[in-house]
Structure formats: structure tokens, C-alpha cells
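Trainee: Any chance you can model this:
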Amino acid sequence: MTDLASVLPDDPLRSEVEQFARSHRLAERSATLDAHPEFPWAEYRSMGREGWLGLTLSPDQGGRGLPLRRAGAVLQEFAYWAGTAFAKLSLQPEFTSVIGAQGSAELRARFAIPLARGELLIGNQVTEPQAGSDLSRLSAKVQHRGDRLVLSGTKSQVAFAADAQAALVYVRPADSPVGGGGVSAYIVPQDLPGIRREVVEDLGERWMRRGTVTYDSVEISPAHLVGEPGRALEYLKGELTHERALLGAIYLGVARASWEETVREVGERVVFEEPLSRQEAVAFPLVEDGTRLAAAWLFVERVLERLDRGERADDAAAMSKWLATHVALTALDHAIQFHGGRGYSKELPHEQRWRDVRSGMLAHGTSEVMHRIAARRRWPAARAADRKAA
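Mentor: Model (predicted):
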């Protein structure tokens, strides 16, 4: 039977991931984090010490310097053995890779390298209550006050709202109108006076403790500017392209785990005096799921290879995230269905996996925006009216 495992590369790092996940009991920890949300500091630090953070970052930034294709295989394996939590922790330095790519030597030393070592947690604050995927609508602003800057505004849907020690915050100058350009990124320590953090209860990935961060005239240093003023969205869009394809690898890894467990279940469970796998209504969807998981991985892998070669593939990366999430959710839904009542309960991991992967239809660009990005590449004449999409 065609399935995801049969088309994955034979990479020695995959077995190293398995050993790390087993020795640190990451699967059990993932279930605990869902029931009792908190940031897994002990595991995070262990991942940093053993080189599982910042897979694609260069060694001088504390990373492994892996090509995107190999990083995708590693992240898929983390997700297979431990769910989205530790795979996304492994990817966290990439979510703020603009610091290492564009930040000053001081910022890299103070923030990027400790992040890759698991010594520091840095969040990424882009979204605002009135500005979702349309990043031109960002309204958080900075203005000069002597030799300092003053930051005001609200960021919403913030991962690690409660736990990040610093955040990469995207803002515009006070004299820049909403809808215009000029967005810049600053690293902002999260213990400064005037910062208020509130956590919301999410459907899945509860360990991230997402929420709202409000800045009330918070003084920040101009030296914490990352890159050049007004170019932050340019940096962010390049970063997002890589992240989207890598996230696709993560969601496929989670679904692979549930698919394999379901294949075993229906082969062993006897219903009406024969294995459940003899029922076409059960067997055929699982055969299709295995094929789709493999096909989706091959597409994600191809996109990562294109990005490794430096090709422009923002449309393909967007659709790889959509395809992987769509295929993964279908497989996870079948896992719940074909395990019966137990599948719908917390007795088995499938319902948590479904809730965690469901974030993929929203995070780092909604599925609708992924289609929009791909569509504007297909019909270039529409780009002028559509250029503001993330």
C-alpha cells in the first residue's frame, strides 16, 4: 500500500529524532500539555542543547544549516512521534529568522543565538484585531521621544503571549497612514513597563497559550530595529514562504501517525465476524488517505527543493500548506471515525491531533489567502489589486 512512510527519504536524522522523542517521552508530554497548558521549558532547552532548534539556520546563528528539504523530513518525523508541539518548537527559530538574517551583530548575539540554543523564547507579533492577513492594515505605531521610541498598539492571536521573553513586533511610524507602507520590525523585551498580556483558550495547541498583547506607550530602544526601516513586510513574506512549506511537512507527520494506527486497528478489530478492514466503506477511504498523504509529501518535498535552489515558489509553498493541511485533516477525521466512540474521546490521541492540525487552516495565512496567492500568480493582471495579501 502506498503511504507517506514509503516515500520519505532515508535520512539518518530521522532515527535520531525517534531516539530523542522516545528518550524524552515527547508523545506523553504532548498529551499533558494539551490537558494542562504550559510552555515546555525543560524539553525546549534539551532540544536546544542537542541541536534540534533552528534546523535551517546557519551554524554561526546557532543552527544546523540543513537545506529545507532535509529540515522538512526532520520536522515530519518530530510530528510523527510527538505531534505538532515539538515539531513547531523545532521550527520556532525559523519563525523569527529575520533576526539572524537582517539584525545587527549585537541583536544576533543577544537574541538569535540564545533562541537556537533553547535559552530564550522569542515570539512573533504581526496580527492585529483589525488586520488579519491584510498586513497593510497594521496600526501599531512607534514615535520618537528623545533618543527612545514609544510603541503603542495591540497585537492579537499571538503565540506564546504568556511565555515569550521577547517578541519581534511589526509596527509603522506614527506619521504613516494605515494602508500605506513603511512597516518596521523591532525586538521588544516582554517585561517592559506598559505591556499587558492576556491569554485566550484555544481549540488546540493550547501549550502555546496564545492571546493578546497590548502596548501602552512602551519605551523601546532604536537599536532593536531589525533590518532597514520600512522593509519588514518584505522580509516577512520571504520568511513565510519557507515556513508554509515546512508547516505542511509537520501536518503530514501528525496525520501519518494516526493513519498507521487506524490501519492496524481496522485490520485487527472484528465486526460482523470479519476484520473491519473487509468493509469497503472503511478500507477504501484509508487506502485513499495513504495515497494522498504520500502524494502531498512529494509535492511539499518538491516545493522545498525549489526553495533550496533559490527559485521563486511563493504560490507553490502556499498551496503546499493548504494541500497538506487538507489531506491531514481528512485522514485524522477518518481516524476518529474508524476508532468509533473511543476515537471521539480523549482516550486516544486522534481528537487532539485533529484539533492541533486544524490551526493549519488559519496560521501563517488562512487557506483562503493561500488560494489568493496562488491565483495572482496564475492571473498576473490581477496582481495590482491583490498585492497586499500576505
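
Trainee: Only C-alpha atoms from now on, for both contacts and neighbour counts.
Mentor: Will do.

Trainee: For the chain, identify the residue most remote from the centre.
Mentor: Most distant residue from the mean C-alpha position of the chain: residue 273, 44.4 Å away (C-alpha atoms, centre = their mean).

Trainee: Regarding it, what are the backbone dihedral angles?
Mentor: phi 70, psi 20 (degrees, to the nearest 10).

Trainee: how close does it sit to residue 301?
Mentor: According to C-alpha to C-alpha, to the nearest Å, residue 273 stands 42 Å off from residue 301.

Trainee: Settle this for me: residue 52 is touching residue 92, isn't it.
Mentor: No - using C-alpha atoms under 8 Å, residue 52 is not in contact with residue 92; the gap is 10.4 Å.

Trainee: Show me which of those two is the more surrounded one.
Mentor: residue 52 (27 against 21; other C-alpha atoms under 10 Å).

Trainee: show me the contacts for the more buried one.
Mentor: Neighbouring residues of residue 52 by C-alpha atoms under 8 Å, 6 or more residues apart in numbering: residue 90.

Trainee: That one and residue 160, how far apart?
Mentor: Residue 52 sits at a distance of 19 Å from residue 160 (criterion: C-alpha to C-alpha).

Trainee: just the strands in the chain please.
Mentor: With strands called from DSSP state E, the chain shows them at 122-125, 141-145, 148-158, 166-173, 184-189, 195-199, 211-220, 225-226, 270-271, 274-275.

Trainee: Now do the first one: distance to the chain's middle.
Mentor: From the chain centre to the centre of strand 122-125 is a distance of 12 Å (C-alpha atoms, centre = their mean, to the nearest Å).

Trainee: cool, the third one as well?
Mentor: Relative to its parent chain, strand 148-158 has a centroid offset of 22 Å by C-alpha atoms, centre = their mean.

Trainee: mean confidence score for stretch 337-347?
Mentor: Averaged over stretch 337-347, pLDDT sits at 96.

Trainee: who's in contact with that stretch?
Mentor: Taking C-alpha under 8 Å, 6+ apart as the rule, stretch 337-347 contacts 262, 265, 266, 282, 335, 336, 348, 349, 350, 351, 352.

Trainee: go on, stretch 78-94?
Mentor: 17-18, 21, 26-28, 30, 44, 47, 52-57, 75-76, 112, 115-116, 205, 207, 239, 243, 250-257, 353, 356-357.

Trainee: what's the average pLDDT for it?
Mentor: 97.

Trainee: Centre of the chain to the lengthiest helix in the chain, how far?
Mentor: Longest among the helix segments of the chain by residue count, using DSSP state H, is helix 232-268. Centre-to-centre, helix 232-268 and its host chain are 9 Å apart (C-alpha atoms, centre = their mean).

Trainee: Flag the shaky bits of the stretch 1-150 of the chain, pLDDT-wise.
Mentor: Counting by pLDDT under 70, the stretch 1-150 of the chain contains low-confidence residues at 1.

Trainee: and what of the stretch 151-300 of the chain?
Mentor: 179-181.

Trainee: Could you list the domains of this protein?
Mentor: 4-116, 122-227, 233-386 (automatic domain parsing).

Trainee: mind checking the end-to-end distance for the second one?
Mentor: Taking C-alpha to C-alpha, the first and last residues of domain 122-227 lie 17 Å apart.

Trainee: Then stretch 113-127?
Mentor: 25 Å.

Trainee: who's in contact with that stretch?
Mentor: Contacts of stretch 113-127 (C-alpha under 8 Å, 6+ apart): 44-49, 51, 53-54, 61-63, 93, 95-96, 111, 133, 135, 138, 155-161, 163-170.
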